[in-house]
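> Quick one, what's the 3D model for this:
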Amino acid sequence: MEEIGSSKASSHMHGDQTLYIHKVGAPPKKKLVNEIKEAVKDTFFSDLSLRHFKDQPGSRKLVLGLQAVFPILEWGRDYSFHKFKGDLVSGITIASLCIPQDIAYAKLANLDPQYALYSSFVAPLVYAFMGSSRDIAIGPVAVVSLLLGSMLTDEISDYKNHDYLRLAFTATFFAGITQMALGIFRLGFLVDFLSHAAIVGFMAGAAITISLQQLKGLFGIVNFTKKTDIVSVLSSAFSQAQHGWNWQTILIGVSFLTFLLASKHMAKKNKKFFWLSATAPLISVVLSTFFVYITHADKNGVSIVRHIKKGVNPISANEIFFSGKYLGPGFRIGVVSGVIALTEAIAIGRTFAAMKDYSLDGNKEMVALGTINIIGSLTSCYVATGSFSRSAVNFMAGCNTAVSNIVMSIVVLLALELITPLFKYTPIAVLSSIIIAAVAGLVDIEAAVLLWKVDKFDFVACMGAFLGVIFKNVEIGLLIAVVISFAKILLQVTRPRTAVLGRVPETSVYRNIQQYPEATQVPGMLIIRVDSAIYFSNSNYIKERILRWLTDEDAKKKENKLPRTEYLIVEMSPVTDIDTSGIRAFEELHKSLQKREVKLVLANPVTVVMEKLHASKFTYLIGEDKIFLTVADAVATFGPNIELP
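Okay, here's the model as predicted:
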């Protein structure tokens, strides 16, 4: 046999036309070392990230290496004052959004407000030097804050206990280690096992859970459940409706929630009003704080922030649990929250990179996010990642580079040093309103409807994650999302689709007869297409499915008094790979067909498959003359005389 590209050819006469039939050639054999190299390259270096280092002198390789770790060294050379103006405006804008959001998100994690502000000072500063996204805004986010608070509370119920804070730093440290490890070892593809459908359901469930948790602050409830499921939260809220609600708190909360939602709606309808939506949380905090201060509403049962520690982050390296009973829980919580934070950041980064048409290096992002959380854990921060609301505002405000994160970080630093005492009279109700308004956009009904229309299994994954979060907790919802996503993969791998092909009229093209009802089957032949790689997990199913197709077709032909099947043609172009179990299944199929006096014919096996068929001598078993480049060639050789178009 010859190599592909120089395969043998023969000709057959059909009427007045000659059809040239090209035989499938055997690919050249590869050394095992080369095969391993190619496999490693395709799996871990598919983006050809090392191609820039090839044939470069040592000094240049050092520069390229530094640029790979710190992208700012590359794009910073072309930075200009014009770009800085856009970054300055967008940085100040997202800072005005992040400060009130951070104070609110800290509540979700059951931490004091300053720890969220610390996270919005350190994390964006580090990311600006190491991140590859121009638009992503870094800081605490609602979903991760809730996840962290929920999992930490399961370990230490008293969040006033100092060990609770230490466990938060420990989880943040291991979240960073997880993210960095995924990036360094180029294992980012593992994050893709969380399907889009599962994420849609998980985010929507988390948004509803977060919103329901804010009923405590919105209604001024003192005794409120620590559980997060919808039944416990609603029963806790309404059981105290008669005496536990505070009307002044409700008035403040509902009023500012209406303002926040209205500003978001206006910004969505008209992009020119994005600044109103961006500054609405800060306006709400300023106005509500002033209102409470002049009316002394705090003395009438309106809960207020009371105290935010002033100054920059203290060092917390000695607070992390590197041993003891909380090391294991800290690692577990860190891994889960780190993966969720990573998934959200990569999704946000890719979205805005696509809008501006630039490439985002996923592995660099993982290393950058890992670094910010490792450094953050050592400087009194908790898990930070990309925020969709802030990134959207950053994008709309006209950011050009990651310098907008530096500007935001500086503004947050000034706030920590100068204005945190001013938030003393900020009502908890307005913080609850800010959280509800922020997470409302996470409930994507249109995406869920689209999932139902496109793929029912995806919709089941979406609803499984959603229901798991709202009726149990975020960990269970996440677990359900992962399990259903894996179940889908296993189902698709173990039960691949097969199709009967027929000839499209007036062509030599063969397609699925269900998709093309006008396609006609060839007398005396059954043409089957296998739409998957053939592995140990599905090889027996594929063999049995093909034989079942053959039995069913022969029964129909016998009933209609048509010629029985003499040739079974397997169209193998979608079969990207085959293992020894797959080859054995084909050998068993060949034996079964021989007993039925049916000949097995293969059409268009790809390079890898052909190589393995030759190595196993299967090609000699069925005969090399029964392997063809196309289905049309096989039909022309063994089938009836069909007039060509």
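> Quick one: the helices in the stretch 351-500 of the chain, in order.
Per DSSP state H, counting those that start in this stretch, the stretch 351-500 of the chain carries helices over the ranges 362-378, 388-396, 403-418, 428-439, 445-454, 456-471, 474-494.
> To residue 589, which of the ones you listed lies closest?
Evaluated over these, closeness to residue 589 peaks at helix 474-494, with 17.7 Å, by CB to CB. C-betas here are computed from N, CA, C, even on glycine.
> buried stuff in that closest one?
474-482, 484-485, 488, 494 (16 or more other CB atoms under 10 Å).
> so which helix or strand takes in the residue nearest to residue 212 when sequence neighbours are not counted?
Counting by CB to CB, 6 or more residues apart in numbering, residue 233 is the residue found nearest to residue 212 once chain neighbours are left out, at 4.5 Å. In the assignment (DSSP states H and E), residue 233 maps to helix 230-238.
> mean confidence score for that helix?
The pLDDT scores in helix 230-238 average 85.
> Kindly report the same for stretch 134-147.
Averaged across stretch 134-147, the pLDDT comes to 92.
> next one: stretch 76-88
Rounded mean pLDDT across stretch 76-88 is 91.
> Give the buried residues for it.
Buried residues in stretch 76-88, counted by 16+ other CB under 10 Å: 83, 84, 86, 87, 88.
> Out of these, flag the one nearest to residue 349.
residue 87 (17.2 Å).
> tell me the contacts of that closest one?
399, 400, 401, 403, 404, 406, 407 (CB atoms under 8 Å, 6 or more residues apart in numbering).
> re the thing from before, compare the helices of the stretch 351-500 of the chain and give me the one nearest residue 157.
helix 474-494 (15.8 Å).
> Report the distance from stretch 508-520 to the chain centre.
The chain centre lies 36 Å from the centre of stretch 508-520; the measure is CA atoms, centre = their mean, to the nearest Å.
> Below-threshold pLDDT in the stretch 101-250 of the chain: ranges please.
Residues of the stretch 101-250 of the chain meeting the criterion pLDDT under 70: 188-193, 242-244.
> Which parts of it are strands?
Secondary structure of the stretch 101-250 of the chain by DSSP state E, counting those that start in this stretch: the strands cover 137-139.
> do the stretch 251-400 of the chain as well
Using DSSP E, counting those that start in this stretch, strands in the stretch 251-400 of the chain cover 385-387.
> ok, the residue nearest to residue 439 when sequence neighbours are not counted to residue 214 distance?
Among residues not flanking residue 439 along the chain, residue 207 sits closest, at 4.1 Å (CB to CB, 6+ apart). Residue 207 sits at a distance of 11 Å from residue 214 (criterion: CB to CB, to the nearest Å).
> what about the strands in the stretch 501-645 of the chain?
Using DSSP E, counting those that start in this stretch, strands in the stretch 501-645 of the chain cover 510-512, 525-530, 567-571, 599-603, 627-628.
> Who does the second one pair with, and is each partner parallel or antiparallel?
Pointing back at strand 525-530 there. Sheet pairing for strand 525-530, assigned by DSSP bridges, gives strand 498-503 (antiparallel), strand 567-571 (parallel).
> Nearest to residue 436, out of those?
Across the strands paired with strand 525-530, closest to residue 436 is strand 498-503 (CB to CB), at 49.1 Å.
> tally of neighbours for residue 60?
Neighbour count of residue 60, defined by other CB atoms under 10 Å: 12.
> Make residue 1 into 124 and carry on from there
Taking 124 as the first residue, the last one we looked at is residue 183.
> quick one, phi/psi of the closest residue in space to residue 286 that isn't next to it in sequence?
For residue 286, ignoring the flanking residues on the chain, the nearest one in space by CB to CB, 6+ apart is residue 279 at 5.7 Å. When read as degrees, to the nearest 10, the backbone of residue 279 gives phi -130, psi 100.
> isn't residue 279 right next to residue 287, touching?
Yes: counting by CB atoms under 8 Å, residue 279 does reach residue 287; the two are 4.5 Å apart.
> ok so, going back, looking at the contacts of residue 210, which two lie furthest apart in space?
Greatest spatial distance among these (CB to CB): 523 and 529, at 12.3 Å.
> ok, residues contacting stretch 465-474?
For stretch 465-474, contacts defined as CB under 8 Å, 6+ apart pick out 255-256, 258-259, 264, 266-267, 301-302, 305, 311, 314, 317, 322, 483, 485, 488-489, 492, 508-511, 514.
> From the residues you listed, keep the buried residues only.
Buried members of these, scored by 16+ other CB under 10 Å, are 255-256, 258-259, 264, 266-267, 301-302, 305, 311, 314, 317, 322, 483, 485, 488-489, 492, 508-511, 514.
> quick one on the thing from earlier: what count of nearby residues applies to the residue nearest to residue 286?
If you count neighbours by other CB under 10 Å, residue 279 ends up with 19.
> same thing with residue 674?
Residue 674 has 12 neighbours, counted by other CB under 10 Å.
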